[in-house]
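# any chance you can model this:
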Amino acid sequence: MKSLLAIVLICLNAQVICAKTIFKPIDSVKSEFFFTDENTHLIEGQDGLKLKKGLNLFLFEDGYFSAENKLLYYKFKQTLNDGKTSAEILKAFFKYTFGKFSFEIGKDNVNAGPGENGLLLSKNAPPYPLIKLQTEEYLNFAGKWSFLIIDGWLNEKRDDVSNPKIFLFRLAYKPFNFIELGGTRSTMYGGAGRPEYKIWEYPTLLLGKDENVVGSKFDNDGFAAFDISIFIPKNKLPKNIRRAKIYYQDAGTDMSAFWQTEDSKYHFPFGFKLQIHAYQAGILMETEKNIFRLEFACSDPLFYTHHWYYDEGYTHKDFSLGHPYGRNMQNIFFKHKRQINGTASFEYKLGMLIQPAFDSGAEKMKRYYLSLKTNKDYGNIMAGTYIRLDKTDNYDSNFSPTQYNIIVKNKTFLTIGYCLTYKF
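Residues are numbered from 1 along each chain as shown. Purely as a prediction, here's the structure:
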C-alpha cells in the first residue's frame with residue numbers, strides 16, 4: 001500500500017524533461033480565501049472572479065505539456081461560496097507555434113488593446129471556447145506589424161439571445177520604435193435563432209456593411225476602435241526609468257462609413273467615423289523595481305448594448321467582455337507595484353468609479369476604492385495577502401455591468417483575502 005501511494009505521489013509531482021519536451025501533470029496548486037461584506041463583489045480582470053458575501057474559497061490546479069513548438073495547457077477551478085460548491089475546467093487549450101505565428105484552439109480569454117483592460121476584449125470575463133490566430137513576433141514590412149484574430153463561443157443561457165459568438169480582429173503597426181498604431185474590430189453575433197455564417201462571409205461581418213440594418217443577416221453588435229501608444233525614447237527618460245509609454249484608445253459601438261448600407265457617407269480622412277464612444281487613456285512607467293500606471297476610461301450609456309443583445313449586452317456570464325465596469329461609467333485609477341527584492345513585492349491601487357455617469361438627473365453611484373496586495377516567496381511556496389476598502393456615495397446593488405439598481409444610501413465595504421500557491 002505504501003509503495004502504491006509513493007507511485008501516485010511521484011506521478012502527481014512528475015516533471016518529465018526530454019530534449020525540448022517538458023511534461024508537468026501538475027505545475028502548481030493555488031488556494032485563495034476571501035471574505036467580503038458586500039453581497040456580490042468584483043475583482044477586475046481576473047477571469048471572472050466573483051465574490052459572494054461571507055467566506056469564499058477558490059482552488060486552482062494547472063499543468064502543461066510542452067514539446068518544441070507545441071503547448072497543451074489546462075487549469076482547473078473549484079469554488080465554495082454562498083453555501084454552494086462547483087468545479088470547472090477554467091482553461092484548456094492547445095497552441096501550435098510556426099515561424100512568427102501561433103494557432104490556438106481551446107478555452108481561454110484575451111486582452112486586446114494598450115490598456116490594463118481592453119475596451120473591446122479583456123480578461124475580465126471567464127474564459128470561453130475559441131480559435132485564435134496571432135503573430136508571436138513582429139512582421140517586418142516598412143515597419144513592424146502584428147495581428148490577432150479570434151472566433152469565440154459564449155456558451156450560456158441568456159435572457160436576450162443564448163449562446164452568442166464573438167469575432168475579433170486586431171492589427172497593430174509600428175512605423176518607428178517610439179510609436180504604435182492599432183485598430184480593433186469586434187462583433188457579437190449569432191446565438192439561438194440568429195444567423196450562422198460561412199467562412200467566406202466573415203469579411204462582410206468584419207466590415208459591418210449591413211450592420212444595424214433591421215432584417216439584415218449581418219445585423220449584429222459591432223464595435224471598432226483605434227489606439228495610439230507613444231513609447232518615450234530611453235535617452236529622453238531619467239536614468240532610473242527603463243520604459244515609459246502614453247496611450248489612448250477611442251472605441252465606438254456604431255460607425256458611419258461610405259461602405260455601409262444604412263449611412264453611406266465618406267468621412268475624411270479614413271472614410272469612416274466612430275459613434276457612441278468609449279475612451280481610454282493612460283500612462284505606464286517602469287523602473288528596475290517599480291511599475292506605475294495611471295489610467296482613465298469612460299463609456300457612453302449605450303455602449304456594450306444592442307437591440308438584439310440588450311438585457312445582458314456585451315457580457316459573458318454577467319461579466320463585461322471589455323472594460324470591467326461596463327457601460328455608462330467613468331473610472332480612474334492609479335496603481336503602483338514594487339518589487340522589494342527577488343522574493344517579495346507589494347501593489348496598491350487607488351481608484352474612483354462613477355456609474356451611471358452620463359444620465360442627466362439620474363441618481364449616480366460614486367465608488368472610491370483602495371486595495372493592497374502583497375506577495376512573498378518561500379522556495380516553492382508563494383504566499384499573498386489582499387485587502388480592499390470600498391466606499392460609495394449611493395450604491396448600485398446590481399452586479400451586471402449593463403444594468404443598474406441605485407440605492408440612495410452610502411455604504412462601505414471591506415474585502416480581505418489570503419493566497420497560498422505551491423509550485424512543483
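
# for the stretch 101-250 of the chain, what spans make up the helices?
For the stretch 101-250 of the chain, helices defined by DSSP state H, counting those that start in this stretch occupy the ranges 202-207.

# mind listing what Asp254 touches?
Taking CB atoms under 8 Å, 6 or more residues apart in numbering as the contact definition, Asp254 lies against Asn212, Gly222, Leu274, Gln275, Ile276. C-beta: built from backbone N, CA, C; applies to glycine.

# how about 10 Å then?
By CB atoms under 10 Å, 6 or more residues apart in numbering, the contact set of Asp254 is 208, 211-212, 221-224, 260, 262-263, 273-277, 300, 302-303, 306.

# show me what it is bridged to.
Here Asp254 shows beta-bridge partners Gln275, assigned using DSSP bridges.

# okay, Phe76 and Phe23: tell me how far apart.
Noted for Phe76: a distance of 17 Å to Phe23, by CB to CB, to the nearest Å.

# point out where the protein drops to low pLDDT.
Within the chain, the set of residues satisfying pLDDT under 70 comprises 1-19.

# distance from the longest strand seen in the chain to the middle of the chain?
As far as residue count goes, and with DSSP state E defining each element, the longest strand of the chain is strand 21-42. Distance of strand 21-42 from its chain centroid, counting by CA atoms, centre = their mean, to the nearest Å, is 17 Å.

# output the contacting helices and strands for it.
For strand 21-42, the helices and strands in contact under the criterion 3 or more CB pairs under 10 Å, 6 or more residues apart in numbering; DSSP states H and E are helix 2-12, strand 16-18, strand 50-67, strand 70-81, strand 381-393, strand 411-423.

# try it again at 7 Å.
Secondary-structure packing of strand 21-42 (3 or more CB pairs under 7 Å, 6 or more residues apart in numbering; DSSP states H and E): helix 2-12, strand 50-67, strand 411-423.

# need the ones you listed in TSV with mean neighbour count and distance to Ser216, can you?
Supplementary listing: these in TSV, determined by neighbours: other CB atoms under 10 Å; distance: least, CB to CB, whole Å:
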stretch	mean neighbour count	distance to Ser216
helix 2-12	9	54
strand 50-67	17	36
strand 411-423	16	45
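
# alpha carbons of the longest strand of the chain, as PDB, please.
Included here for strand 21-42 are C-alpha records, laid out as PDB according to Å, rounded to 0.1, in the frame of the first residue of the first chain:
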ATOM      1  CA  THR A  21       9.900  18.300 -24.200                       C
ATOM      2  CA  ILE A  22       8.500  19.100 -20.700                       C
ATOM      3  CA  PHE A  23       5.500  17.300 -19.100                       C
ATOM      4  CA  LYS A  24       4.200  18.600 -15.800                       C
ATOM      5  CA  PRO A  25       0.900  17.000 -14.900                       C
ATOM      6  CA  ILE A  26       0.600  19.400 -12.100                       C
ATOM      7  CA  ASP A  27       2.600  22.600 -12.300                       C
ATOM      8  CA  SER A  28       1.100  24.500  -9.400                       C
ATOM      9  CA  VAL A  29      -1.700  24.300  -6.800                       C
ATOM     10  CA  LYS A  30      -3.200  27.500  -5.600                       C
ATOM     11  CA  SER A  31      -5.800  28.300  -2.900                       C
ATOM     12  CA  GLU A  32      -7.400  31.700  -2.400                       C
ATOM     13  CA  PHE A  33      -9.500  32.700   0.600                       C
ATOM     14  CA  PHE A  34     -11.600  35.800   0.600                       C
ATOM     15  CA  PHE A  35     -14.100  37.400   3.000                       C
ATOM     16  CA  THR A  36     -16.300  40.300   1.900                       C
ATOM     17  CA  ASP A  37     -19.300  42.100   3.500                       C
ATOM     18  CA  GLU A  38     -20.600  43.100   0.100                       C
ATOM     19  CA  ASN A  39     -23.400  41.000  -1.400                       C
ATOM     20  CA  THR A  40     -21.500  40.500  -4.600                       C
ATOM     21  CA  HIS A  41     -18.000  41.800  -5.200                       C
ATOM     22  CA  LEU A  42     -16.000  42.100  -8.400                       C
END
